[in-house]
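In: Okay, structure incoming, though there's no sequence with it:
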């Protein structure tokens, strides 16, 4: 891995459009003449010229399309793959299978069918074109062996064969999917591959080369619910082909696109060998705004058919701005490639480099015996990273649950207790939630190190007489931004005491487990304290879109006003509100990440103002005297404890006396003589 330094100049070059099109036209006629050597020269010269003539986002997009066209056309002409079977289900009547395809299912099951929307409550399929699916959730039937079977495939004369398909399978509720093969008309089947769970559509490859030369091959997608009321599986774009001598898949992995200007951005790439030839090395050209950036060579590998090579690059982004990159594989084993994906990605270098806070969404329930341990670790995270993490316990199917909370769990979770961390899908985790509680701290640290694209300023007021809470939120852009953002407001009750309320008692599965924090505390916890209970989602689980514009410049501000009518059974003295910003991707519900969050307590009878530019204090932790680093005069101060209580403080010359406070975590709120409200967190020893 190496670092590539980037400096964006304000100078933009003039585009000589006609000259470029003439170059393209000449190159095209060379292709038609079949001059293979000249075509390779043309491709190199075209790229060399165009990257210096094109500039700007619109022209960059044009260049990307032209480059892709040239590489694709040249690839098809020179080394096209031989397609043996291809089915995308688009021309199939809903509910039926394509001609020649068959299925096997248990009595009472619908088996595999086709359509555009075959989802259900517990089988949420991300948006996609028409596909084939089996839905065990909808029928709640016996799906012990539901098979979707291809037509008979004649592989006579083929030595290398690959199966490629898209699939959606999350293994929720204990189901499994395998790819199987038969060469005796379906009398017996052998497993080629067991699918691993994923939260989104994923492309799979299976090597069918061992069956080359056989004339009666059947391939099947086999789904089993393992006797449970499970979810389902979807399959699309099934293709069986003979690999060419030079075909590859090139892609980037999921990455966080916001970085601080003057810092490095890291991104991971993968190259998959779809060729019958072994790959020992390849070259990649990187472009920025359509202009050539650098060429890199990667070697020391031996990739056979379907092997993958992963590598990482970093780009040093000196100035604030929006960076549009393109990466093109230009040669493999010293020869220009045939077909290979061109990848492009966008990075936002922020002018203001505040680190991101983290939203923690844990799923739990009073009937869930394993959930007390989840609550314990969630509470531990809130203490260790006080002021940086915003915890939420989302209850399901109990007296503390509500419709939007149940929808949230149905959309993301299926096992208890688990945790979403800024709704981010980590590459090494099979799901968007993290089930290993011991790994929560590491994942939270990763998200805390990210850069927030927004600062959030909050002004709130609670009318205790009418139990109405009003909040004004300002979302201030930390740099140049484009994309879809939504905003939301979480209302959380920090502590609900179950004592004396049987409906709130917590089931405890750890009573006989010595290593647990709840060992020997009873199978039912009658004096349990439910922490950070989600009470209300102002914008539902997806928030409000359209409040933040698609394009923002540094310092631009978008605003939203929220009103919450506090029910009588909520303790307003323990209410917290979290204002969040979600970056909305284009693919699915699993591509919606929390990128900014701020919070404030609901303080009875007073106006609360919160500014993200927090004041510094020392020492922290403190014994008795807390010094506020502020150039002006501090008029008054109070502390807000995690117990929901407010404590008045004596202050003199920016030194606050906290000696009377008990040990723990506090929020200091100080008002200057000019009326500015300052805020910071501190720990009292």
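Out: Looks like it came in fine. Nothing here was measured: the structure is a model prediction, and the numbers come from that model.
In: Wait, a strand at residue 331?
Out: Yes: Residue 331: assigned to a strand according to DSSP: H, G, I helix; E, B strand; the rest coil.
In: Okay, strands next: where are they in the stretch 151-300 of the chain?
Out: Using DSSP state E, counting those that start in this stretch, the strands found in the stretch 151-300 of the chain span residues 162-168, 176-182, 190-194, 202-207, 218-224, 232-242, 247-252, 258-260, 263-273, 282-288, 291-298.
In: number of nearby residues for residue 449?
Out: The tally of other residues near residue 449 (other C-beta atoms under 10 Å) stands at 10. In this view, the C-beta of every residue, glycine as well, is placed from N, C-alpha and C.
In: Compare the strands of the stretch 151-300 of the chain and give me the one nearest residue 575.
Out: Ranking the strands of the stretch 151-300 of the chain by proximity to residue 575 (C-beta to C-beta) places strand 258-260 first, at 30.4 Å.
In: Which neighbours in the sheet does that closest one have, and how are they oriented?
Out: Here strand 258-260 is paired, per DSSP bridges, with strand 343-350 (parallel).
In: chain center to the partner strand: distance?
Out: Computed by C-alpha atoms, centre = their mean, to the nearest Å, the separation of strand 343-350 from the middle of its chain amounts to 16 Å.
In: Contact partners for the closest residue to residue 650 other than its chain neighbours?
Out: Once flanking residues are discounted, residue 650 sits nearest to residue 657: 4.5 Å by C-beta to C-beta, 6 or more residues apart in numbering. Counting by C-beta atoms under 8 Å, 6 or more residues apart in numbering, residue 657 touches 624, 625, 626, 649, 650, 651.
In: top of those by neighbour count?
Out: residue 626 (27 neighbours).
In: Who is it paired with across the strands?
Out: residue 656.
In: what residues are up against it?
Out: With contacts defined as C-beta under 8 Å, 6+ apart, the neighbours of residue 626 are 617, 618, 619, 620, 655, 656, 657, 658, 668, 682.
In: which of those residues are buried?
Out: Among the contacts of residue 626, the ones that count as buried by 16 or more other C-beta atoms under 10 Å are 617, 656, 658, 668, 682.
In: Quick check: pLDDT value at the first one.
Out: Same thing as residue 617. Note on residue 617: pLDDT of 86.
In: Next: residue 230.
Out: Taking residue 230 on its own, its pLDDT is 89.
In: That one contacts residue 172, correct?
Out: Yes: the criterion here is C-beta atoms under 8 Å, and residue 230 meets it with residue 172 at 6.9 Å.
In: Between the two, which has more neighbouring residues?
Out: residue 230 (26 against 20).
In: Skipping adjacent residues, who's closest to the more buried one in space?
Out: Once flanking residues are discounted, residue 230 sits nearest to residue 175: 3.7 Å by C-beta to C-beta, 6+ apart.
In: Give me the neighbour count for the one you found.
Out: Residues near residue 175, counting by other C-beta under 10 Å, number 25.
In: who's in contact with it?
Out: Going by C-beta under 8 Å, 6+ apart, residue 175 touches 136, 143, 223, 224, 225, 226, 228, 230, 231, 232, 233.
In: list the contacts for the fifth one?
Out: The contact partners of residue 225, by C-beta under 8 Å, 6+ apart, come to 136, 142, 143, 144, 173, 174, 175.
In: Just give me the longest strand of the protein.
Out: strand 484-497 (DSSP state E).
In: Tell me how far that strand lies from the chain's centre.
Out: Worked out by C-alpha atoms, centre = their mean, strand 484-497 lies 20 Å from the chain centre.
In: And for residue 383, the neighbour number?
Out: There are 13 residues near residue 383, going by other C-beta under 10 Å.
In: That one in helix, strand or coil?
Out: Assignment for residue 383 (three-state DSSP): helix.
In: correct me, but it touches residue 681?
Out: No: applying C-beta under 8 Å as the test, residue 383 and residue 681 come out as separate, 11.1 Å apart.
In: how far does the helix or strand containing residue 460 sit from the chain's center?
Out: Assigned by DSSP states H and E, residue 460 belongs to strand 454-463. Distance of strand 454-463 from the chain centroid (C-alpha atoms, centre = their mean) equals 27 Å.
In: elements contacting the helix or strand just after it?
Out: Heading C-terminal from strand 454-463, the first helix or strand you meet, by DSSP H and E, is strand 468-477. Judged by 3 or more C-beta pairs under 8 Å, 6 or more residues apart in numbering; DSSP states H and E, strand 468-477 is in contact with strand 454-463, strand 484-497, strand 557-565, strand 575-584, strand 592-601.
In: try it again with 7 Å
Out: Here strand 468-477 touches strand 454-463, strand 557-565, strand 575-584, going by 3 or more C-beta pairs under 7 Å, 6 or more residues apart in numbering; DSSP states H and E.
In: Where does pLDDT dip in the chain?
Out: Within the chain, the segments meeting pLDDT under 70 span 1-81, 338, 586-589, 603-614, 642-644, 675.
In: Can you tell me which of the contacts of residue 225 is nearest residue 598?
Out: residue 173 (36.1 Å).
In: Stretch 132-152 spans what distance, first to last residue?
Out: By C-alpha to C-alpha, to the nearest Å, the extent of stretch 132-152 from end to end equals 18 Å.
In: In a strand, residue 406, correct?
Out: No: under three-state DSSP, residue 406 falls outside any strand and is assigned helix.
In: Quick check: chain neighbours aside, which residue is closest to it?
Out: Residue nearest to residue 406 in three dimensions, not counting chain neighbours: residue 396, with 5.8 Å by C-beta to C-beta, 6+ apart.
In: and that neighbour, what is it in contact with?
Out: 363, 365, 405, 406, 409 (C-beta atoms under 7 Å, 6 or more residues apart in numbering).
In: how much space is there between it and residue 494?
Out: 20 Å (C-beta to C-beta, to the nearest Å).
In: same deal with residue 208?
Out: Distance from residue 208 to residue 494, counting by C-beta to C-beta: 57 Å.
In: do residue 301 as well
Out: Going from residue 301 to residue 494 by C-beta to C-beta gives 53 Å.
In: next one: residue 585
Out: If you go by C-beta to C-beta, the gap between residue 585 and residue 494 works out to 31 Å.
In: which residues touch the nearest residue to residue 389 once chain neighbours are set aside?
Out: Residue nearest to residue 389 in three dimensions, not counting chain neighbours: residue 358, with 4.7 Å by C-beta to C-beta, 6+ apart. By C-beta under 7 Å, 6+ apart, the contact set of residue 358 is 388, 389, 390, 421, 422, 444, 447, 448.
In: Now with 6 Å, please.
Out: By C-beta atoms under 6 Å, 6 or more residues apart in numbering, residue 358 lies in contact with 389, 422, 444, 447, 448.
In: on that earlier part again, which of residue 585 and residue 494 has more neighbours?
Out: Shown here are residue 585 and residue 494; by other C-beta under 10 Å, residue 494 has more neighbours (20 against 15).
In: what's the burial count for the closest residue to that one other than its chain neighbours?
Out: Distances taken as C-beta to C-beta, 6+ apart put residue 574 closest to residue 494, at 4.6 Å, once the chain neighbours are dropped. When neighbours are counted by other C-beta under 10 Å, residue 574 registers 20.
In: Check the one 5 residues further on too.
Out: For residue 579, the tally of surrounding residues (other C-beta under 10 Å) stands at 28.
In: Could you do residue 403 as well?
Out: Neighbours around residue 403, by other C-beta under 10 Å: 10.
In: Quick check: phi and psi on it?
Out: Phi and psi for residue 403, reported as degrees, to the nearest 10, are phi -60, psi -50.
In: Okay, it and residue 365: tell me how far apart.
Out: From residue 403 to residue 365 the distance is 15 Å (C-beta to C-beta).
In: Please apply the same query to residue 336.
Out: From residue 336 to residue 365 the distance is 58 Å (C-beta to C-beta).
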